[in-house]
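[1] sequence and predicted model, in that order:
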Amino acid sequence: MSSNKTNALSRRAFLRNSSLAGGGMIIGFNLLNSCKPKVVAEPAIDLASLDYNDFNAFIKIAENGAVTIFSPNPEIGQGVKTSMPMIIAEELDVAWKDVYVEQGILDTENYTRQVAGGSQSIRQGWDALRQTGAKARHMLVSAAAARWGVDPSECTVSEGIITNAAGETLGYGDVVNEAAQLEVPEEVELKKPKDYKIMGKNAGNVDIHKIVTGQPLFGLDYKADGMVYAAVVRPPSFGHKLVSFDDSEARNMPGVIDIVTIGEKVRGLLAEDPSFSSKISSSDKVVVIAKTTWQAFKAKDAIKATWEEETPMESTEQHNKILTGLLDGNKFNTMRSDGNIKKAFAEADQVLERTYESPFLPHNCMEPMNFYANVTPEKVHLVGPIQTPAWKAGLVAKMLGRDEKDILLEMTRMGGGFGRRLYGDFVIEAAEISQTINKPVKVVYTREDDMEDGIYRMAIKYRIKAGIKDGKVTAYHLKEAAVNDNMYGLIPNFFPAGAIENYQVDVANYKSNITTGAWRAPYTNFLAFAEQSFFDELAEMMEVDKIQLRLDLLDKVKPEDDERIQYSPDRMKEVIKMAVEKSGWGTKPSNVYQGFVNYYCHNTHVAEVADVEIENGNPVVKKITCVVDCGIVVNPLGAMNQIEGGVIDGVGHSMFGELAFVDGKPTANNFDRYRMIRMKEAPVVETYLMENEHSPTGLGEPTLPPAGGAVANALKAATGNRLYIQPFTKTPELLKVPEKEIIG
Amino acid sequence: MPTYQLKVNGTSRTVDVSEDTPVLWVLRDHLELVGTKYGCGIGQCGACTIHVDGTAMRSCSLTLSQVDGKSITTIEGLSEDGSHPVQEAWKEVDVPQCGYCQAGQIMTASAFLESNPNPTDEEVKNAMHGNICRCASYTRIKTAVMKAAENME
């Protein structure tokens, strides 16, 4: 086939595509004759060589039967570049080993919700991805049936081979030309879970070969012709504004091309769209442009900048007082109120009230923030690691006064995100720098920039109060005092909402000049520890079984009467029972101290049990048993990785994570002074996945929040001390084991 | 700027850089070997681990004079086709989440197993303790190192 014909046909094929109801997604075919079937591990075709006006879809099938599936969502380490194409491939009915996977670019016309956030990619993509694959299969079968002159219902499909009643076969590649001419069906029947051949089986990471051989994958690895590097001199403290700078030394350093200031464009954007003002400094910044990264870093250090205090410098000590003041005060917004807590507390036999405290946390993605921008009169080319490409493309267009159609944004694999790469202040920065210097440029943060100029998990305090009457929990009052922003969405309606007659959630905040934002499992990453520690203590006070207290409360929840309650008490109870069984709860030898937690967030039900043992007189977290109900598991191998990682991340940050501020500046800016969990501190994680046919939910976040609570409850069992402050290492005296225990 | 002769992945390479340029940035920006990663720049995270005469070292904290006349191996040169037992074990166990730190993990593990082909669990943990994995894939890293040790026998 001539190349002319190929192009003409592929264009026609795409013109025939129609948007799916609700999803706005498109199935497309293209002929890619040069493309031989390969296993996903082999080097892929060159994305840049494709004509994206035609390739704005999920599926391409070549005449030789090669199948390429585009993964629409950003890959942040959560595994969607593997699992989303698996869902399409399942319904398309091809052999997984024959599938190429490529990262889709930002394409708001043909893809929806190209976001890595909230553990929602699989849950929200589930129906549309399956339909995408199934519709393509339907068209291919119809084409084969038409050629044979039989009814499509007489044909069967397996791994890309269509068979008719007479036993004749045609491969997908054989009929792709005809199939591409057919109308896209409105909605087609989907497979039953029992018939899945790809989903539910372990699939390795599609980028594994590139990762283990060190091939370019990440934003920091991206290079383009004529690209220069930018290092940015940022305000040393939150509240600082640039006054002047001396660049005489820096200008003469090797490799330095230019030194410029930026800030004007960002201020223009913030004037137009103030919603981003809490995420980026409006101060001028000095930018060193150099031939290499190291030259840019070196020259940046040689800039002598003078700063002035525009807004007051804040400190952790001050935040502590302010947040306590908010909890003691009465300036709250009520997020949910059931019954009458005031009356219930007045009538209670017993009341328990406890306050919990958490610090700021940096995200500390292993790949420091970076982004490539090339702003030209024709287009704005942006490349790099970003969780929210559409949002950033829109902001850059607005900032530069460009049409959004001028923006071409390509997502690279991300060296972690954890919420930090939701914000993309670095994308805006890169675009302003490129516009200023009129060159393709990559802005690269040093680790110190990354930790000192973060968009942090904010410090929060919770105060929880419960009332007991006649042996029952009759009142529950949760108060949140947070820096900058409060809990949102359905969080106030999580457990124990619905379980306690008189229930109220109140929130208050203090607006700081320190930039804050989402951090893996926002709010619940700390709230789960507070709440589940509290329930343990409540059970102790009530002298009832800790697990039974939770089960009894869940018995009272009636989600059918309250649409805000989206957790399932039944699924939660099953998860709890499984965790009790699998962890050997209550049956461990006396040197193993256990702590229990169950938690629901990001639509997933989880229970965790921590095992703590005493080693050399110190309590050590040895094992976490984790039971998860996330519905259908698309890729168990990837799912287990997320679960294990989430748990250990949760243990690590609750044990060690803390970013304190003095004079508007973090007291740590690199891993020498900021403690991350490492190999020797990582517990064994034993994972169990509930088997059912519920639609799948996400796993990037939900196993993290319970881990801190499980550890705290186990440490209480081991040491006799309740922990109220994270990180737990902040109060080392509470981690000491009583003498008799050591001897015993 | 001075010129340096380096032996990288078995090939002699000449670079023209200022003497304070860390080996990490010579590899990444001058020799187009971007498999070696920048994580902290102060030798604390291990993402930039390479082999210098077979010993695992932090390339962010190495000067050119320190590698003069020595043989450097990066992740790209650990094997021709990703078939080193440690790379194979990483694939078999499916270790990575984001994958950014994994080149450094693999370089640390491969040098360690050269010196200790039959490690205990504790020895593996000690050897790998210097490499941070922010995604906390530690369980699989340990499993993969043990598996590589088995496969190397």
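    Looks like it came in fine. Numbering: from 1, shown residues only, chains lettered A, B, ... in the order given.
[2] now residue A:510: phi and psi?
    Main-chain torsions, residue A:510, degrees, to the nearest 10: phi -120, psi 130.
[3] could you give the residue of chain A that lies closest to chain B?
    Distances between chain A and chain B by C-beta to the nearest C-beta are smallest at residue A:214, namely 1.9 Å. (Each C-beta comes from the backbone N, C-alpha and C, glycine too.)
[4] that residue is in contact with residue B:33, isn't it?
    Yes: in this structure residue A:214 lies within contact range of residue B:33 using C-beta atoms under 8 Å: 7.4 Å.
[5] and the helices in chain B?
    For chain B, the helices defined by DSSP state H cover B:23-25, B:85-93, B:102-115, B:121-128, B:138-152.
[6] now these as JSON lines including mean pLDDT, mean neighbour count and distance to chain A?
    JSON lines is the format used below for the helices of chain B (pLDDT from 0 to 100; neighbours: other C-beta atoms under 10 Å in any protein chain shown; distance: least, C-beta to the nearest C-beta, whole Å):
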{"stretch": "helix B:23-25", "mean pLDDT": "98", "mean neighbour count": "25", "distance to chain A": "4"}
{"stretch": "helix B:85-93", "mean pLDDT": "97", "mean neighbour count": "22", "distance to chain A": "4"}
{"stretch": "helix B:102-115", "mean pLDDT": "98", "mean neighbour count": "25", "distance to chain A": "5"}
{"stretch": "helix B:121-128", "mean pLDDT": "98", "mean neighbour count": "17", "distance to chain A": "5"}
{"stretch": "helix B:138-152", "mean pLDDT": "96", "mean neighbour count": "21", "distance to chain A": "4"}
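[7] to residue A:527, which of those helices lies closest?
    helix B:138-152 (25.6 Å; C-beta to C-beta).
[8] the closest one packs against which elements?
    helix A:636-656, helix B:85-93, helix B:102-115, helix B:121-128 (3 or more C-beta pairs under 8 Å, 6 or more residues apart in numbering or on different chains; DSSP states H and E).
[9] cutoff 6 Å now
    Here helix B:138-152 touches helix B:85-93, helix B:102-115, helix B:121-128, going by 3 or more C-beta pairs under 6 Å, 6 or more residues apart in numbering or on different chains; DSSP states H and E.
[10] and of the ones you listed, who's closest to residue A:482?
    helix B:102-115 (35.3 Å).
[11] contacts for that closest one, please.
    A:211, A:214, B:35, B:37, B:46-47, B:49-51, B:56, B:75, B:86, B:96, B:127, B:131, B:141, B:145, B:149 (C-beta atoms under 6 Å, 6 or more residues apart in numbering or on different chains).
[12] can you check stretch A:127-145 too?
    A:23, A:25, A:27, A:58-59, A:87-88, A:91-93, A:152, A:155, A:162, A:170, A:172, A:175, A:178-179, A:182, A:184-185, A:188, A:190.
[13] those in strands, which ones?
    A:59, A:162, A:170 (DSSP state E).
[14] now do the second one, the pLDDT please.
    In the prediction, the pLDDT value recorded for residue A:162 is 98.
[15] tell me how many other residues crowd it.
    Counted with other C-beta atoms under 10 Å in any protein chain shown, the neighbours of residue A:162 add up to 26.
[16] now do residue A:739
    For residue A:739, using other C-beta under 10 Å, the count is 9.
[17] pLDDT wise, what is it at?
    At residue A:739, pLDDT is 75.
[18] repeat for residue A:186
    87.
[19] do residue A:55 as well
    Taking residue A:55 on its own, its pLDDT is 22.
[20] need phi/psi at the residue in chain B that chain A sits nearest to.
    Nearest residue of chain B to chain A: residue B:35, at 1.9 Å (C-beta to the nearest C-beta). Main-chain torsions, residue B:35, degrees, to the nearest 10: phi -70, psi -30.
[21] now the farthest one out in chain A, which residue is it?
    Distance from the C-alpha centroid of chain A peaks at residue A:166, with 49.8 Å (C-alpha atoms, centre = their mean).
[22] what about it, which SS state?
    coil (DSSP: H, G, I helix; E, B strand; the rest coil).
[23] and it, what's its pLDDT?
    96.
[24] residue A:323 sits in which helix or strand?
    helix A:316-328 (DSSP states H and E).
[25] wait, isn't residue A:232 in contact with residue A:283?
    No: using C-beta atoms under 6 Å, residue A:232 is not in contact with residue A:283; the gap is 11.1 Å.
[26] now the nearest residue in space to residue B:77 that is not next to it in sequence: how far from residue B:16?
    If the residues on either side of it in the chain are set aside, residue B:77 comes closest to residue B:9, at 2.7 Å by C-beta to C-beta, 6 or more residues apart in numbering or on different chains. Using C-beta to C-beta, to the nearest Å, residue B:9 is found at 19 Å from residue B:16.
[27] check residue A:172 too.
    Taking C-beta to C-beta, one finds residue A:172 at 53 Å from residue B:16.
[28] so between the two, which is more surrounded?
    Shown here are residue A:172 and residue B:16; by other C-beta under 10 Å, residue A:172 has more neighbours (30 against 9).
[29] next up, the contacts around that one.
    Contacts of residue A:172 by C-beta under 6 Å, 6+ apart are A:61, A:65, A:140, A:160.
[30] in contact with residue A:478, which residues?
    A:464, A:505.
[31] pLDDT of the lengthiest helix in chain A, averaged?
    Longest among the helix segments of chain A by residue count, using DSSP H, is helix A:121-148. Throughout helix A:121-148, pLDDT has a mean value of 93.
[32] cool, stretch B:30-48 as well?
    For stretch B:30-48, the per-residue pLDDT averages 98.
[33] do stretch A:464-481 as well
    98.
[34] that stretch: end-to-end distance?
    12 Å (C-alpha to C-alpha, to the nearest Å).
[35] can you count the residues close to the nearest residue to residue A:648 once chain neighbours are set aside?
    Nearest non-adjacent residue to residue A:648, counting by C-beta to C-beta, 6+ apart: residue B:136, 3.6 Å away. For residue B:136, the count of nearby residues is 28 (other C-beta under 10 Å).
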